[in-house]
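Q: This is a predicted model, with the sequence first.
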Amino acid sequence: MLSAAVAVSASSMTTAVDPHTLPVISDLAQRLRAHVQFLAGPDLHGRKPGTNGNRKAAAYIAGRFREIGLEPLPSLGGYRQPLAGELGDNLVGLRPASGRPSAAPWILLGAHFDHLGGNYLGADDNAAAAAILIETARSFPSLAHHHLLFVAFNAEEPPYIRTALMGSQQFVDRLPKEIASPSRLQAVIVMDLMGGVHWKPIQDTLFAGGAEQSPGLYRRLKESQTSAFEVRRSKLEPRTLNLEPRTLTVLPLGMHLIENIPLLGQVSFSDYDAFRNVGVPFLFLSAGRTPRYHQPSDLPDTLHYERMATTVNWLQILLRAMDEDKDAYRFEKHRVELADDIATLRPLVTQAAQEESDIPGTSFLSRSKMSVDGEWLRTLNSAKATAEDVRRLERISLRIQCLLADFPACFLL
């Protein structure tokens with residue numbers, strides 16, 4: 001028994017990433033770290049809505065919007081959109097379209113900035129994404145054909161998530177008059193949990209969900225997706241670049257594989273839901289949960305800042321590609337891309353099932369289940385998949401998410 005425990009421990013050590021050892025070299029990564037250190041610093045006490053720490057975070061974000069030259073919406077009279085219930089504000093900044101400003105549709109890039117409060121400081125959740133939001137805004141002078149809106153949402157965490165008080169829901173319910181209607185939103189990109197790192201095989205990976213429900217948006221996502229994406233100097237503003245090209249893997253993963261929970265059904269996890277419910281095409285970006293999710297250990301020194309910097313650069317390319325699309329994206333709520341779902345899960349399951357590359361903390365029972373699932377996935381044909389096959393895919397995806405977050409009893413899923 002002792003030798004088996006030692007073997008599992010050694011396996012976990014080989015695949016676990018110690019974020020403290022990751023270098024923070026580029027100017028962009030250092031700026032991202034500075035934002036996170038402020039927002040997830042002890043002085044803000046976890047940014048719980050309605051608290052002084054939350055107000056300080058909002059003031060900081062508004063200050064950065066002002067510093068980088070985002071325009072406030074006239075109807076708001078500034079960067080703040082007050083929320084009901086004395087919860088605080090959403091922060092909203094604009095880069096107007098340069099080509100046809102009066103008729104231009106809108107693209108929204110958003111991330112929530114609140115957290116749980118107290119000793120829960122929320123570096124990955126969600127100061128990391130707020131930092132990416134700020135630095136992406138810094139790098140964009142404007143798009144030609146779309147207004148680009150940067151929104152830091154408040155009140156996303158419990159008890160507000162999936163309620164009328166959620167900051168993104170209040171934004172949708174009281175759209176600024178410049179937007180007027182959800183139909184004016186070409187697409188929304190929502191970021192959550194963008195800095196965490198735990199399992200080496202996905203150290204430089206982002207997961208992208210939701211775009212599969214909009215064929216035009218999915219096409220742009222697929223064009224940007226590669227197993228070894230290099231940010232090239234010729235495509236970007238010189239002042240936004242890292243010193244060296246970096247690598248990013250962007251894996252599409254259908255929302256049905258993220259949200260469908262046994263016995264509970266579909267459960268939404270972030271601000272994209274308010275927009276999806278009114279038919280707005282959306283992309284949900286995340287690096288996934290780690291064992292530090294909703295824990296006091298979610299601290300600024302546990303993030304992968306160079307991957308976050310590469311994400312800023314990748315977003316520039318994606319947004320500029322989206323700007324070329326003049327026709328509105330269709331939204332098809334039940335559309336899936338099953339072949340790509342399988343292609344994303346198959347190598348992850350294969351690695352998670354092997355002792356030398358499994359997810360840190362994986363039990364023998366969970367690894368056995370992953371091994372069986374891996375054999376099944378190797379022969380699964382998306383064109384012949386049944387409803388039961390899809391349900392099994394959903395359980396496999398949930399088991400991987402459970403293992404990555406180190407939730408107990410993952411083998412039961």
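A: Nice, I can see it.
Q: my guess is residue 110 is in a strand, correct?
A: Yes: residue state for residue 110 (DSSP: H, G, I helix; E, B strand; the rest coil) corresponds to a strand.
Q: For residue 25, see how far away it is.
A: 28 Å (Cβ to Cβ, to the nearest Å). Every C-beta, even on glycine, is put in place using the N, C-alpha and C of the backbone.
Q: Now name the helix or strand holding residue 284.
A: Element membership of residue 284 [criterion: DSSP states H and E] is strand 282-286.
Q: where's that strand relative to the chain centroid, distance-wise?
A: 5 Å (Cα atoms, centre = their mean, to the nearest Å).
Q: by contact count, what packs against whichever helix or strand comes after that strand?
A: Sequence-wise, the next helix or strand downstream of strand 282-286 (DSSP H and E) is helix 305-323. Secondary-structure packing of helix 305-323 (3 or more Cβ pairs under 8 Å, 6 or more residues apart in numbering; DSSP states H and E): helix 27-39, strand 106-112, helix 128-139, strand 185-191, helix 215-224, strand 247-252.
Q: What helices and strands are in contact with the second one?
A: Based on contacts counted as 3+ Cβ pairs under 8 Å, 6+ apart, the elements that strand 106-112 packs against are helix 128-139, strand 147-153, helix 167-173, strand 185-191, helix 305-323.
Q: For the ones you listed, please prepare a markdown table with the additional fields mean pLDDT and distance to residue 368.
A: Output for the helices and strands packed on strand 106-112, formatted as a markdown table (pLDDT from 0 to 100; distance: least, Cβ to Cβ, whole Å):
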| stretch | mean pLDDT | distance to residue 368 |
| --- | --- | --- |
| helix 128-139 | 97 | 34 |
| strand 147-153 | 98 | 41 |
| helix 167-173 | 98 | 40 |
| strand 185-191 | 98 | 35 |
| helix 305-323 | 94 | 31 |
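Q: I'd like the ones you listed as TSV, with distance to residue 217 appended.
A: Formatted as TSV, the helices and strands packed on strand 106-112 follow (distance: least, Cβ to Cβ, whole Å):
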stretch	distance to residue 217
helix 128-139	17
strand 147-153	15
helix 167-173	18
strand 185-191	5
helix 305-323	7
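Q: Let me have these in TSV, extended by distance to residue 208 and mean neighbour count.
A: Listed next are the helices and strands packed on strand 106-112 as TSV, based on distance: least, Cβ to Cβ, whole Å; neighbours: other Cβ atoms under 10 Å:
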stretch	distance to residue 208	mean neighbour count
helix 128-139	14	26
strand 147-153	19	26
helix 167-173	19	22
strand 185-191	9	26
helix 305-323	10	22
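Q: Which of the ones you listed sits closest to residue 261?
A: With Cβ to Cβ as the measure, strand 185-191 is the member of those nearest residue 261 (19.6 Å).
Q: Just the residues contacting that closest one, thanks.
A: 105-111, 126, 129, 132-133, 146, 168, 179, 214, 217, 270-272, 275, 280-286, 315, 322, 325, 328-329 (Cβ atoms under 8 Å, 6 or more residues apart in numbering).
Q: Just the buried residues from the residues you listed, in ChimeraX please.
A: If you want just the buried ones from the contacts of strand 185-191 in ChimeraX, going by 16 or more other Cβ atoms under 10 Å, the selection is:
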select :105,106,107,108,109,110,111,126,129,132,133,146,168,179,214,217,270,271,272,275,280,281,282,283,284,285,286,315,322,325,329
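Q: Pull the number of nearby residues for residue 400.
A: Using other Cβ atoms under 10 Å as the criterion, residue 400 is surrounded by 24 other residues.
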